[in-house]
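Q: Attaching a predicted model along with its sequence, questions to come.
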Amino acid sequence: MNAIRAAIESVCDPEIPVLTIVDLGVLRNVRQVGDAVTVTITPTYSGCPAMDAIREDIVAAATTAGAASVTVNTVLSPAWTTEWMTDQGRLKLAEFGIAPPGADPICPQCAASNPRTVSEFGSTACKALMVCSACGEPFDRFKDL
Ligand SMILES: [Zn+2]
């Protein structure tokens, strides 16, 4: 793996800084011809404001690593789903205190199941706000898509 590719793969989601775009399943392809790089991404949620920041971060990371030109293509089909998130990404989410998508939500504090959904929109549109019915701690859950 070369430095430019490594730099691109280490770009993180600005809303969930523990997750890279690889963890999220957002990075689809990196193509390099000489020192020109073409990156293909699939946005998580259409209209998610984080995608603009991710696009800028990819260009900045690749340029810093030595790319002379960087093109970021956005591919909308097939649409991203939470299935694309890697297992490592799910683990990192849980460690960060956000219940990962997919499985039944579990409280990140005490691991109790059956939390209550307080709001379908937590700190960002892609997360729901939940409250643990055992310890009462509020937490975000990455919504299934
Ligand atoms: Zn709890």
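A: Perfect, I can see it now.
Q: Check what contacts stretch 131-142 and list those residues.
A: The contact list for stretch 131-142 (Cβ atoms under 8 Å, 6 or more residues apart in numbering) reads 16, 82, 85, 93, 97-101, 105, 107-110, 112, 114-116, 118, 122-123, 126-130. From N, CA and C alone the C-beta is placed, and that goes for glycine too.
Q: so how far is that stretch off the chain centroid?
A: Taking Cα atoms, centre = their mean, to the nearest Å, the mean C-alpha location of stretch 131-142 is offset from the chain mean by 21 Å.
Q: Quick check: end-to-end length of that stretch?
A: End-to-end distance of stretch 131-142 (Cα to Cα, to the nearest Å): 14 Å.
Q: Pull out the buried positions in that stretch.
A: By 16 or more other Cβ atoms under 10 Å, the buried positions in stretch 131-142 come out as C132, F139, D140, R141, F142.
Q: and the ion, which of those contact it?
A: When contact is defined as Cβ under 5 Å from the ion, these meet the ion at C132.
Q: The buried residues of stretch 131-142: which two are farthest apart?
A: C132 and F142 (16.1 Å; Cβ to Cβ).
Q: for N114, what are its contacts?
A: S133.
Q: before we move on, what SS does it have?
A: coil (DSSP: H, G, I helix; E, B strand; the rest coil).
Q: And the residue positioned nearest the centre of the chain, how close does it get to the ion?
A: The residue lying closest to the centre of the chain (Cα atoms, centre = their mean) is L24, at 3.8 Å. Distance of L24 to the ion, computed by Cβ to the ion, to the nearest Å: 26 Å.
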